[in-house]
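*Asks:* need coordinates for the following:
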Amino acid sequence: MFLFKRNGIYYVKYKDETQNRYRRISTKCTKKNEAIKFISGLNERLKNKSVVDFITLCSFHKKYLKYVSDNYSIGYTKTVDVSFKQLITSIGDIPIKNISYSQIDTFLTETYKRTKEGGRTYHIALKSAFNKAIKWNHLNENHFSKIKLQKIPKNNPIFIKETEFNELLELEQNMLLKTIYQFAFYTGMRLGEIINLQWSEVNLLDEIISVKNTNGFTTKSKKERTIPINSNLKTLLINMFPTIINIDKTNYVFTKNGIKLNGDYITKGFKKCIRISKLNKALHFHDLRHSFASNLAIKGVSLFIIKEILGHSDVKTTQIYSHLRIEDLKTSINLLNI
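*Replies:* I've put the predicted structure just below:
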């Protein structure tokens with residue numbers, strides 16, 4: 001580190017160990033004794049700035065994905081994977097310590113232009129990833145944290161009533177898919193929870209389903225919960241039960257030729273059925289979960305009870321269904337006008 005003067009201002013040239021290159025910065029001082037004081041302060045700041053471990057974006061992607069797959073749900077792991085792939089496509093496989101604020105800003109700006117929801121999803125996932133990079137000593141700062149998340153207006157969830165759902169079931173010829181649709185509609189379980197459900201977690205005697213964390217699956221909230229089995233679902237499960245032989249912990253409730261189902265098989269089948277129906281073409285399999293919650297809200301079930309059944313970590317998430325209860329109350333009050 002040494003001082004030099006240019007146009008009456010003292011500058012400092014030093015080697016930035018975190019970037020492995022030389023830097024020049026202005027002391028903004030015209031007097032040497034003041035410039036020396038500046039150097040003293042700079043030395044203290046550099047001592048507190050740790051040297052990061054070198055890692056490329058692709059290598060970090062692989063390392064972080066392993067961490068996420070070991071600790072979070074399959075759905076979130078896929079989100080992280082896609083987010084990294086989009087970033088790598090945008091800026092290439094470069095050392096993550098060399099990624100600039102400008103590159104991150106450009107990537108997010110372009111992504112938000114294509115899809116606001118996608119941009120927000122990538123932003124959140126990558127912000128968490130780069131925070132972990134700091135803890136793993138691969139970075140000193142996270143540029144994703146410097147960019148404000150864009151707010152996206154939330155629309156009320158789409159849902160279908162039981163009469164509409166029964167019409168949909170009549171169109172589905174695949175009995176396995178039909179059963180899974182019913183299971184989702186009567187439990188509000190997420191797709192990942194359904195395909196990972198084991199017979200050991202179904203208690204027909206006490207009429208409850210236990211949604212558990214296992215070695216191969218973790219719920220979105222990481223919390224286990226219990227879901228009551230209604231009469232429609234119990235009949236469905238009883239009819240399935242005799243076809244299952246040697247039930248133990250390794251037996252999944254839903255399989256195809258004894259093999260665990262892939263989520264895409266179910267979601268694509270559902271969309272195909274929706275296309276030939278008279279229902280809203282925007283409906284997705286996940287909306288069966290919304291339908292379950294919406295129908296409970298319409299019937300006056302407390303949001304706090306719905307929260308527990310759905311496994312929401314915060315009742316604020318469940319409050320998207322509150323408008324349905326309000327509409328139902330308005331309808332009831334209007335009966336006084338008759």
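
*Asks:* please count neighbours and contacts with C-alpha atoms only from this point.
*Replies:* Will do.

*Asks:* which residues touch stretch 191-207?
*Replies:* Stretch 191-207 has contacts (C-alpha atoms under 8 Å, 6 or more residues apart in numbering) with 74-75, 180, 184, 208-212, 217, 219, 228-230, 234, 238, 247-254, 260-263, 285-286.

*Asks:* of those residues, just the buried ones, ChimeraX syntax please.
*Replies:* Here the buried members of the contacts of stretch 191-207 are turned into a ChimeraX selection, burial being counted by 16 or more other C-alpha atoms under 10 Å:
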select :74,180,184,208,209,210,211,212,217,219,228,229,234,251,252,253,254,261,285,286
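
*Asks:* residue 255 pairs with what?
*Replies:* residue 260 (DSSP bridges).

*Asks:* my bad, should have said residue 210
*Replies:* Bridge pairing for residue 210 - DSSP bridges - gives residue 226.

*Asks:* got the buried residues for the host helix or strand of residue 33?
*Replies:* Applying DSSP states H and E as the criterion places residue 33 in helix 32-48. Neighbour counts using 16+ other C-alpha under 10 Å place 35, 36, 38, 39 of helix 32-48 among the buried residues.

*Asks:* in the protein, which spans are helices?
*Replies:* For the chain, helices defined by DSSP state H occupy the ranges 32-48, 57-71, 74-91, 101-114, 116-135, 162-171, 175-187, 191-195, 231-240, 263-275, 287-298, 303-310, 315-318, 322-334.

*Asks:* out of those helices, deepest packed?
*Replies:* helix 287-298 (a mean of 23; mean count of other C-alpha atoms under 10 Å).

*Asks:* so which elements touch that one?
*Replies:* Helix 287-298 makes packing contacts with helix 175-187, helix 303-310, helix 322-334 when contacts are defined by 3 or more C-alpha pairs under 8 Å, 6 or more residues apart in numbering; DSSP states H and E.

*Asks:* re the thing from before, and the helix holding residue 33, average pLDDT?
*Replies:* Average pLDDT, helix 32-48: 78.

*Asks:* identify the residues contacting that helix?
*Replies:* Against helix 32-48 from outside (C-alpha under 8 Å, 6+ apart): 10, 12, 27, 28, 29.

*Asks:* repeat that for stretch 265-275.
*Replies:* With C-alpha under 8 Å, 6+ apart as the test, stretch 265-275 has contacts from 168, 171, 172, 177, 280, 281, 283, 284, 285.

*Asks:* tell me which two of these sit farthest apart.
*Replies:* The span of the contacts of stretch 265-275, defined through C-alpha to C-alpha, is set by 177 and 280 at 19.3 Å.

*Asks:* would you turn the helices of the chain into CSV with distance to residue 3?
*Replies:* Converted to CSV, the helices of the chain look like this (distance: least, C-alpha to C-alpha, whole Å):
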stretch, distance to residue 3
helix 32-48, 8
helix 57-71, 36
helix 74-91, 36
helix 101-114, 29
helix 116-135, 32
helix 162-171, 77
helix 175-187, 70
helix 191-195, 61
helix 231-240, 79
helix 263-275, 63
helix 287-298, 66
helix 303-310, 64
helix 315-318, 57
helix 322-334, 66
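
*Asks:* of those helices, give the one that comes closest to residue 154.
*Replies:* Between those, helix 116-135 lies closest to residue 154; by C-alpha to C-alpha that is 10.3 Å.

*Asks:* residues in contact with that closest one?
*Replies:* 64, 79-80, 83-84, 108, 111-112, 139-142, 144-145, 149-150, 152.

*Asks:* mind redoing it with 6 Å?
*Replies:* 80, 83, 111, 112, 139, 140, 142, 144 (C-alpha atoms under 6 Å, 6 or more residues apart in numbering).

*Asks:* and stretch 144-161, by the same measure?
*Replies:* So stretch 144-161 is contacted by 127, 287, 290, 291 (C-alpha under 6 Å, 6+ apart).

*Asks:* which of those lies closest to residue 162?
*Replies:* Lowest distance from residue 162 to the contacts of stretch 144-161 (C-alpha to C-alpha) belongs to residue 291, with 8.7 Å.
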